[in-house]
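In: The following block contains a protein sequence and its predicted model.
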Amino acid sequence: MFAPQTVPDLSGTWSRDPGRSMATGGGSGQRDVEGGGRGGGLGLGPPADQLTIVQTADRLVITERLGEASSTFTYALNGKRTTNRVSRGRNSGGTAAYVTSRRGSRFETTVQVAPVGGRGRAATYKEVRYLDANGSLVVEITRPGSTNKRTLVYRRIHK
């Protein structure tokens, strides 16, 4: 018999661990390589340095901080669609639809990004969030049909 999967608690403030985070594809996320931009060629712009997550039974609210700028995203954990503003990357200023569900001890989100006023392009991404064996938060971002991938690892600063 299997033990029931517990819901991971992602609440807290998290700091990105650059030594364990990586991007593959698109010039491995190097700015000076065609298709780069530190997102593994995903067009997402640079990753957040710090996350603050508030988790309830039915929602994640994630505030991402990059330098002095911050953006807040809401994820419904019941499979219902939420809409958030795209804060950076090729579709900055546009909107994206997020559908999140829990798969075992992971949160999986499908993100559909709308193109922005003649620039950028529609895209679909998959985000997977989970806690690894060390208690670090891992965020894997892929684009279906592409080998480009971004893996971000965050250490909890405080709960």
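Out: It's in. If you're wondering where the values come from, they're calculated on a predicted model, not measured in any experiment.
In: partner strands of the helix or strand of the chain with the lowest mean pLDDT, parallel or antiparallel?
Out: Within the chain, no helix or strand scores below strand 22-24, which has a mean of 84 by mean pLDDT, DSSP states H and E. Note on strand 22-24: by DSSP bridges, its sheet partners are strand 149-158 (antiparallel).
In: what number of residues lie near T63?
Out: Under the neighbour criterion other Cβ atoms under 10 Å, T63 is assigned a count of 15. Bear in mind the C-beta positions are built from the backbone N, C-alpha and C, glycine included.
In: Only the buried residues of the host helix or strand of it, if you could.
Out: T63 belongs to strand 59-66 when assigned by DSSP states H and E. Going by neighbour count (16 or more other Cβ atoms under 10 Å), the buried part of strand 59-66 is 60, 62, 64-66.
In: Likewise for stretch 68-87?
Out: Applying a neighbour-count criterion of 16+ other Cβ under 10 Å, the buried positions in stretch 68-87 are 73, 75-77, 82, 84, 86-87.
In: so where does the closest residue to F73 other than its chain neighbours fall, helix or strand?
Out: Of all residues not flanking F73 in the chain, N84 sits nearest, at 4.6 Å (Cβ to Cβ, 6 or more residues apart in numbering). Remark: N84 resides in strand 81-85, with elements defined by DSSP H and E.
In: can you give me the angle the helix or strand just after that strand makes with strand 59-66?
Out: Remark: after strand 81-85, the chain's next helix or strand is strand 95-103, criterion DSSP H and E. Interaxial angle of strand 95-103 relative to strand 59-66 (axes from the mean of the first three to the mean of the last three Cα atoms, to 10 degrees): 120 degrees.
In: chain center to strand 95-103: distance?
Out: 11 Å (Cα atoms, centre = their mean, to the nearest Å).
In: What helices and strands are in contact with it?
Out: strand 69-76, strand 81-85, strand 106-113 (3 or more Cβ pairs under 8 Å, 6 or more residues apart in numbering; DSSP states H and E).
In: hmm, 10 Å instead?
Out: When contacts are defined as 3 or more Cβ pairs under 10 Å, 6 or more residues apart in numbering; DSSP states H and E, strand 95-103 sits against strand 59-66, strand 69-76, strand 81-85, strand 106-113, strand 123-131.
In: what would the ones you listed look like in a markdown table with mean pLDDT?
Out: What follows is the helices and strands packed on strand 95-103, written out as a markdown table (pLDDT from 0 to 100):
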| stretch | mean pLDDT |
| --- | --- |
| strand 59-66 | 96 |
| strand 69-76 | 95 |
| strand 81-85 | 94 |
| strand 106-113 | 95 |
| strand 123-131 | 95 |
